[in-house]
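Asker: Next come a sequence and a model predicted from it.
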Amino acid sequence: MAVPKVEAAKCDGCGNCIDVCPADCFEMQDNKSVVVRPDDCVECMACVENCPTEAIELV
């Protein structure tokens, strides 16, 4: 099972991943998106597809 990973250096804090994630895996911390519930990921790829800086991948 894959889980989302955010590369903090690439994240611009836009919040798109938070808005599109149906499983609420992400939260904003210090103006960066952070994966807080990786086990809830349904592998829909919405976060990856909607990240303008390509900071998110499923691993």
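Answerer: Nice, I can see it.
Asker: So what would you say the end-to-end distance of stretch 47-56 is?
Answerer: 7 Å (Cα to Cα, to the nearest Å).
Asker: buried stuff in that stretch?
Answerer: Within stretch 47-56, the residues scored as buried using 16 or more other Cβ atoms under 10 Å are C47, V48, C51, A55, I56. Glycine gets a C-beta too; all of them are placed from N, C-alpha and C.
Asker: Stretch 28-37 now?
Answerer: By 16+ other Cβ under 10 Å, the buried positions in stretch 28-37 come out as K32, S33, V35.
Asker: mind listing the helices for this structure?
Answerer: Taking DSSP state H to define them, one finds helices in the chain at 16-20, 46-49.
Asker: Of all these, which one comes closest to D40?
Answerer: With Cβ to Cβ as the criterion, D40 lies closest to helix 46-49 of these, at 12.2 Å.
Asker: That closest one packs against which elements?
Answerer: helix 16-20, strand 56-58 (3 or more Cβ pairs under 8 Å, 6 or more residues apart in numbering; DSSP states H and E).
Asker: tell me what the shortest one is packed against?
Answerer: So that's strand 56-58. Using 3+ Cβ pairs under 8 Å, 6+ apart: strand 56-58 touches strand 4-6, helix 46-49.
Asker: can you tell which of the ones you listed is closest to D19?
Answerer: D19 sits nearest to helix 46-49 of all these, at 9.2 Å, using Cβ to Cβ.
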